[in-house]
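K.L.:
Next one to model:
(one chain, ligands or ions: 1)
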Amino acid sequence: MENALRLQIEALREQLLIERAERAAERERAALLEDFIENASISLHWVGPDGSILWANQDELDFLGYAREEYVGRNITEFHTDQRVISDILCRLGRNETLRNYEARLRCKNGDEKTVLINSNVLWRDGTFVHTRCFTRDISDIKRQVLATRESEERYRALIEQANDAIFVADAESGIILDANRRAEHLLGRPIAEIKGMHQTHLHPPEMLDAYGRIFREHAAAGGGMLVKDIFVQDASGRHVPVEISANVIPLNGKPALQGIFRDVTERKRAEAELAEKTAELTRSNAELELFAATASHDLQEPLRMISSYLNLLERRCGAAFDERGHGYMKQVCDAALRMQNLVRALLSYAKVGQGELAFEPVTMLTALSEAVEHLEDKVAATRAHIAFDDLPIVRGDRTLLVQLFQNLIGNALKFCDGRDPKIRIDARDSGKEWTFTVADNGIGIDQADQQRIFKAFERLHGPSRYAGTGLGLATCRKIVDVHRGRIWVESTPGVGSTFCFTIGKE
Ligand code: ADP
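P.N.:
The predicted structure follows:
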């Protein structure tokens, strides 16, 4: 009896120990679970049927920055920035819906707003709303990144769409076109959807591909961005459109891509061709005019010579019969005939520059200068001019024309001196690819405003009564310098003197 009782007590004690161990294990499991939930790296909370926050884990408190007592017990609506959103959330949960990745915005303690994704459902017990189970994931950074990427994509899109040129972006490795703008559509006459996926070589006329391939390879080998001119693309109708391409490598989604900017140069090419045609036409008609002027002035010389000699004859044979007025008339006619002769001669020499073959040869400019001065001997003596010069180089040119050039310039320096003894200096300086010659005088000088027009035919700054002349001397100089592919200009100070400068290339 006693034994049976002891056994019973033993069994009860054992039972008690087992139960105690089980409770301890359960407490242990509950503590572990609580620890797991409290320290989960996802925000969790429970909300009661009236919207009050019943519980939140540490992650949620840390993420929003509230102390437990500032959060738990308050109404969840206070922490949502958009009241319509939280009303909708509560309404859906009340209808026993499960929310999956529902986007909302929460207000942190420091005033920041966080974008979150909410996954939530309700724990019901015996048909009664106990509390929500809410899992909240912060996606603010991802959202910011997405927005930034979208913004930068939109900016890039706007930029390439605003461009006046067609833009193509191709994968650098495969050459497949990944993107293009509206201008590209116009250029090719194809929709973007069709352009995307095309191989970049298919933009060009097939028969040109070998040649273009070589050009592109050469440019690519040179490195950096490339600019390719005189190249064609082929549009949908088969028309060849002239373009200029500037291309460079850009990063696209972490891979190198080739961005090509294609400028349609059809209009420019047309304008260039038109200009070339007009220039050729102008050159032709100029040549015709010059030939006409040369022939006319040549033919005029003969009757003029005749007039002059008969005037001389008239003077000699019948001069005695003229009274004073008759002699006066006679002088006027002779002067006019002389002026006309000078004019015709000047016109002829102006028209002849560039007519026929030019005899280009090495010309010792010192010799050309001496020859020119020799031709002006009388005037030099009459004006008591002093002519100085330095060593002058040998240039390639037409000797006769270069003599005439010096002669015209020195002739003017002797003429436009206003009674002073002319002091003329001729120099040359090495200007790299060309020689620059200068003919400087101490004459009357030329106003800044007139310094360009005097090189045009018949432009004179004084009447014939003050200084005789034809107005063709400097125009002839300009033509001579032109045929030597040089430039001519004047630097001058009125009352002090002028320096005429001209260049002759060394080639
Ligand atoms: P022309 O000497 O026959 O008048 P040019 O064509 O040689 O014609 O010169 C045009 C004009 O430029 C001259 O009429 C003169 O007014 C001005 N000119 C030319 N050379 C000089 C110079 N060395 N000094 C001042 N004026 C000059």
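
K.L.:
Look up how far the ligand lies from residue 296.
P.N.:
Going from residue 296 to the ligand by C-beta to the nearest ligand atom, to the nearest Å gives 19 Å. Yep, even glycine has a C-beta here, placed from its N, CA and C like the rest.

K.L.:
per-residue pLDDT, that residue?
P.N.:
Residue 296 carries a pLDDT score of 77 in this model.

K.L.:
And for it, the neighbour number?
P.N.:
14 (other C-beta atoms under 10 Å).

K.L.:
Please, which helix or strand holds it?
P.N.:
Element membership of residue 296 [criterion: DSSP states H and E] is helix 266-318.

K.L.:
What helices and strands are in contact with the least confident helix or strand in the chain by mean pLDDT?
P.N.:
Using mean pLDDT, DSSP states H and E, the weakest-scoring helix or strand in the chain turns out to be helix 209-222, at a mean of 77. Using 3 or more C-beta pairs under 8 Å, 6 or more residues apart in numbering; DSSP states H and E as the contact definition, the elements that helix 209-222 packs against are strand 226-234.

K.L.:
What residues sit buried inside the next helix or strand after the strand it packs on?
P.N.:
The helix or strand immediately downstream of strand 226-234 is strand 240-252, counting by DSSP H and E. Buried residues in strand 240-252, counted by 16 or more other C-beta atoms under 10 Å: 241, 242, 243, 244, 245, 247, 252.

K.L.:
Likewise for stretch 158-170?
P.N.:
Buried residues in stretch 158-170 (16+ other C-beta under 10 Å): 160, 165, 166, 167, 168, 169, 170.

K.L.:
Also stretch 419-427?
P.N.:
422, 423, 424, 425, 426, 427.

K.L.:
need the contact list for residue 250.
P.N.:
Listed by C-beta atoms under 8 Å, 6 or more residues apart in numbering, the contact partners of residue 250 are 169, 256, 257, 258, 259.

K.L.:
quick one on the thing from earlier: export the buried residues of strand 240-252 as CSV, with columns for distance to residue 395.
P.N.:
As requested, those are exported to CSV (distance: C-beta to C-beta, whole Å):
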residue, distance to residue 395
241, 46
242, 41
243, 43
244, 39
245, 43
247, 45
252, 58
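
K.L.:
Now find how far off-centre stretch 60-74 is within its chain.
P.N.:
Offset of stretch 60-74 from its chain centre (C-alpha atoms, centre = their mean, to the nearest Å): 59 Å.

K.L.:
again with stretch 484-494
P.N.:
Distance, stretch centre to chain centre, for stretch 484-494: 33 Å (C-alpha atoms, centre = their mean).

K.L.:
ok so, going back, what's the closest of the contacts of residue 250 to the ligand?
P.N.:
Nearest to the ligand among the contacts of residue 250, counting by C-beta to the nearest ligand atom, is residue 259 at 56.9 Å.

K.L.:
if I look at the closest one, how far off is residue 192?
P.N.:
According to C-beta to C-beta, to the nearest Å, residue 259 and residue 192 sit 16 Å apart.

K.L.:
which of those two has more neighbours?
P.N.:
When residue 259 and residue 192 are compared for neighbours, residue 259 comes out ahead with 18 against 14, by other C-beta under 10 Å.

K.L.:
what's the domain layout of the protein?
P.N.:
Domain segmentation of the chain under automatic domain parsing yields 1-35, 39-138, 145-264, 270-338, 357-505.

K.L.:
residues from this structure in reach of the ligand?
P.N.:
Selection of the chain residues close to the ligand by C-beta under 6 Å from any ligand atom yields 412-413, 416, 441, 443-444, 446, 454, 459-462, 469-475, 498.

K.L.:
What is the burial count for residue 473?
P.N.:
Around residue 473 there are 22 residues (other C-beta under 10 Å).

K.L.:
what's near enough to touch the nearest residue to it once chain neighbours are set aside?
P.N.:
With sequence-adjacent residues excluded and distances taken as C-beta to C-beta, 6 or more residues apart in numbering, residue 473 is closest to residue 408, at 4.4 Å. Contact analysis of residue 408 by C-beta under 8 Å, 6+ apart lists 473, 474, 476, 477.

K.L.:
wait, which of those residues is closest to residue 397?
P.N.:
residue 477 (13.3 Å; C-beta to C-beta).

K.L.:
Tell me which two of the buried residues of strand 240-252 sit farthest apart.
P.N.:
242 and 252 (28.0 Å).

K.L.:
State the helix or strand in which the residue of the stretch 251-400 of the chain found nearest the ligand lies.
P.N.:
Relative to the ligand, the nearest point of the stretch 251-400 of the chain is residue 346 (7.1 Å; C-beta to the nearest ligand atom). Using DSSP H and E, residue 346 sits within helix 324-352.
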